[in-house]
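J.: Predicted structure and sequence below. I'll ask about it afterward.
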Amino acid sequence: MNHLELTKIVEWKDLRKLSVSEMLIENNISLPWLFISLCLAYNEYYWMALPFSGFYFLTALRQVHNGFHNSLGTGKFLTWLSLYLNSITMMASIHAVKFNHIRHHKFCLSEEDYEGKSASMKWYEAILYGPVHMFLIHRITFKKANMKYRKNMGLELVSIAFLMAIVWYFQINFLMYHVLVMIAGEFLMAFFAVWTVHHDTHENPNIARTQRGFWKNKLTFSMFYHMEHHLFPAVPTIKLPELADRIDKTLPELTKKQTF
């Protein structure tokens, strides 16, 4: 059974709609982690700040990922603003990431899928490939994207450079910490955001890896329901646990490869 047939069997369209509380969660889920990490870093508790920075990066990725698929429940401008602001705090052009992510869904694990290149590597190769991955994401956007994407990427990169210049010129230590940790996070994207969910799935790329287990998904903020996301990309992340339950009940025979 291919992924198009699966989408016709499982009820999912009602899951696209967010309540007001769900919309507020999806649009602000990263902020507590950001504020706590910056507060701890400001007071020079860097090791204590590190896990909060990690959770900020993960939740910000969840937020922009929903923005890629217009699943934040907000209009075009607020979605754009979310991508722009998270670009500055995550130290990468999120519009460049968006361009390649949409192509990833269209050309999943094929030659044209530049986001998915690390899926065919060994785990340690995917980690080492991380800096190349981030450079390639921006380069491909510059070469293949339309003018609107290129302008957004340019604005985001200039804004990031401006922030970094201020932070280093005035030696703002807690922001220097944040910048360096976010760059490290970006360099690990090829492993965590691509390899973990797509390795050994080339025979049926849209049936990506997924994750079961209550606490595993709570600790990862539902970001590893990746099979569900590829089958139904319009469903917001907050609805993926319910979607996973529907898939399990409707298609218990469907083979699911675990993320970890």
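T.: Structure's in. What do you need?
J.: The one residue sitting closest to the centre of the chain and Phe221, how far apart?
T.: For the chain, the residue sitting closest to the mean C-alpha position, by C-alpha atoms, centre = their mean, is Leu61 at 3.8 Å. As judged by C-beta to C-beta, to the nearest Å, Leu61 and Phe221 stand 9 Å apart. For glycine as for every other residue, the C-beta is placed from the backbone atoms N, C-alpha and C.
J.: Excluding sequence neighbours, find me the nearest residue to Thr196.
T.: The spatially closest residue to Thr196, leaving aside those adjacent along the chain, is Thr259, at 5.4 Å (C-beta to C-beta, 6 or more residues apart in numbering).
J.: The one you found: neighbouring residues, count only.
T.: 22 (other C-beta atoms under 10 Å).
J.: I'd assumed Phe224 was in contact with it.
T.: Yes - counting by C-beta atoms under 8 Å, a contact exists between Thr259 and Phe224, whose distance comes to 4.4 Å.
J.: List the residues that are in contact with both of these two.
T.: When C-beta atoms under 8 Å, 6 or more residues apart in numbering defines a contact, the residues bordering Thr259 and Phe224 alike are 196-197, 209-211.
J.: returning to that earlier point: roughly how far does the residue nearest to the centre of the chain sit from Phe224?
T.: Summarising the geometry, the distance separating Leu61 from Phe224, computed by C-beta to C-beta, is 12 Å.
J.: And for Asp200?
T.: Looking at Asp200 against Phe224, where the rule is C-beta to C-beta, the gap reads 15 Å.
J.: Compare these two and say which one has the larger neighbour count.
T.: Neighbour totals were compared for Asp200 and Phe224, and Phe224 leads with 25 against 10 (other C-beta under 10 Å).
J.: Can you pull out the low-pLDDT segments for the stretch 101-250 of the chain?
T.: By pLDDT under 70, the stretch 101-250 of the chain has no low-scoring segment.
J.: how about Trp33, what does it touch?
T.: By C-beta under 8 Å, 6+ apart, Trp33 lies in contact with 52-53, 55-56, 59.
J.: go with 10 Å
T.: With C-beta atoms under 10 Å, 6 or more residues apart in numbering as the criterion, the residues that contact Trp33 are 51-60, 221.
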